[in-house]
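Enquirer: Next one to model:
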Amino acid sequence: YILVIFEEKIHLRKSKPVVLIGCFMWFIIGIHEVGNGNSEHAHEHLKHLTSEIGELFFFLLVAMTYINTLEERNVFRSLRSWLLRKGLGFRSLYWATGLITFFLSPLADNLTSALLMSTVALAVGNGIRKFIIPAFINIVVAANAGGAWSPFGDITTLMVWTAGKVPTIKFAYLMIPSVLNWLIPAIIMYPFVPNQKPQGSTEAIPMKPGAKFIIALGILTIAIAVSFHQFLHLPPFMGMMFGLGFLMFKGYYLRHWTEGPNKDERFDLFKSVEKVEFDTLLFFFGILTAVGALQYIG
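Expert: Predicted coordinates:
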């Protein structure tokens, strides 16, 4: 954890120490249990742990692929250009970016939402720190608060939901405290946001073909994942993979029937898969493996 905290200082990706230590802890457990003739019990526990990690891994893989695909289709750049062309003042943009983040993070995860909306705030901020700093804080708070009232908003909510600890509908009870957790800090910071207007931009960035359909597919995929969990009593990641199957066929259609003759510019879904943050996925693997080892030894 100390190495993870100092990731930016030592330039060691956070996944590396946790994967190493997670597996090393099980190595020690294995030596101990073989000596006691209890290796079968450790093996069964690890198999169960692996299935839990695998569910989470595939779920996040699909979610990240959808986000990368929407980015490739210019959805977020189009949103940014739309906000710029609206000619809103810094105070209006402060509320707009916070509100969008609050309602985006329950669908995407809070980290992705914060990063995406921060690029929007940075673009409209024109380097004015008095706007950028409170806007960034507002976005981070909104992302965390918004992610708390949805199973998909955060890795923690996702884990308790997939483990069946909290029913889907119960997350709605967190809506009001989540709104308050975002609004109170936002109202406190609001007077410090400059009452000025940024320089407007007339450049309109259109979304690429199929973007709106893929947005609808993403919402449908979340609905399928919830249905798998709620009504079919099957792991939600199967619903997400089902949605990925739809996206793959949409990608096939885009590649062969709607894109231009230049092969390099054609849509390729697997480029979106390549851009998935495997550092984050491996980080979760390492942490959950280490926590599972601590759980096993009591």
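Enquirer: In stretch 27-36, which residues are buried?
Expert: Using 16 or more other Cβ atoms under 10 Å as the test for burial, stretch 27-36 gives Ile29, Glu33. Just so you know, the C-beta spots here come from the backbone N, C-alpha and C atoms, and that holds for glycine as well.
Enquirer: just the CA coordinates of that stretch, formatted as CSV?
Expert: Provided in CSV are the C-alpha atoms of stretch 27-36 (Å, rounded to 0.1, in the frame of the first residue of the first chain):
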residue,chain,number,x,y,z
PHE,A,27,2.8,-18.9,-1.6
ILE,A,28,3.5,-18.6,2.2
ILE,A,29,0.0,-20.1,3.0
GLY,A,30,0.7,-22.9,0.5
ILE,A,31,4.0,-23.9,2.2
HIS,A,32,2.3,-23.8,5.6
GLU,A,33,-0.8,-25.8,4.6
VAL,A,34,1.3,-28.5,2.8
GLY,A,35,3.3,-28.9,6.0
ASN,A,36,0.0,-29.4,7.9
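Enquirer: Now do it: everything it contacts.
Expert: Ser39, His41, Ala42, Ala293, Tyr296, Ile297 (Cβ atoms under 8 Å, 6 or more residues apart in numbering).
Enquirer: Could you list the low-pLDDT ranges of the stretch 101-250 of the chain?
Expert: Regions of the stretch 101-250 of the chain meeting the criterion pLDDT under 70 cover residues 200-202.
Enquirer: Mind jotting down where the helices sit in it?
Expert: Along the stretch 101-250 of the chain, counting by DSSP state H, counting those that start in this stretch, helices occupy 110-125, 129-148, 155-162, 175-189, 211-230, 236-253.
Enquirer: Can you add mean neighbour count and distance to Val276 and give those helices back as JSON lines?
Expert: Compiled in JSON lines, those are given as follows (neighbours: other Cβ atoms under 10 Å; distance: least, Cβ to Cβ, whole Å):
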{"stretch": "helix 110-125", "mean neighbour count": "21", "distance to Val276": "11"}
{"stretch": "helix 129-148", "mean neighbour count": "22", "distance to Val276": "19"}
{"stretch": "helix 155-162", "mean neighbour count": "18", "distance to Val276": "15"}
{"stretch": "helix 175-189", "mean neighbour count": "15", "distance to Val276": "27"}
{"stretch": "helix 211-230", "mean neighbour count": "18", "distance to Val276": "15"}
{"stretch": "helix 236-253", "mean neighbour count": "18", "distance to Val276": "12"}
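Enquirer: which SS class is Phe285?
Expert: Put simply, Phe285 is helix when judged by DSSP: H, G, I helix; E, B strand; the rest coil.
Enquirer: If you drop the residues flanking it in sequence, what lies closest to it?
Expert: When the adjacent residues along the chain are set aside, Phe285 lies closest to Ile53, with 5.7 Å between them (Cβ to Cβ, 6 or more residues apart in numbering).
Enquirer: from what I can see Ala225 touches Leu232, true?
Expert: No. Between Ala225 and Leu232 there is no contact under Cβ atoms under 8 Å: 10.7 Å.
Enquirer: rewinding a little: export the helices of the stretch 101-250 of the chain to CSV and tack on distance to Phe284?
Expert: Below are the helices of the stretch 101-250 of the chain laid out as CSV (distance: least, Cβ to Cβ, whole Å):
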stretch, distance to Phe284
helix 110-125, 12
helix 129-148, 15
helix 155-162, 7
helix 175-189, 23
helix 211-230, 18
helix 236-253, 13
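Enquirer: Would you agree Glu277 is in contact with Met64?
Expert: Yes. At 6.4 Å, Glu277 and Met64 qualify as touching, with contact defined as Cβ under 8 Å.
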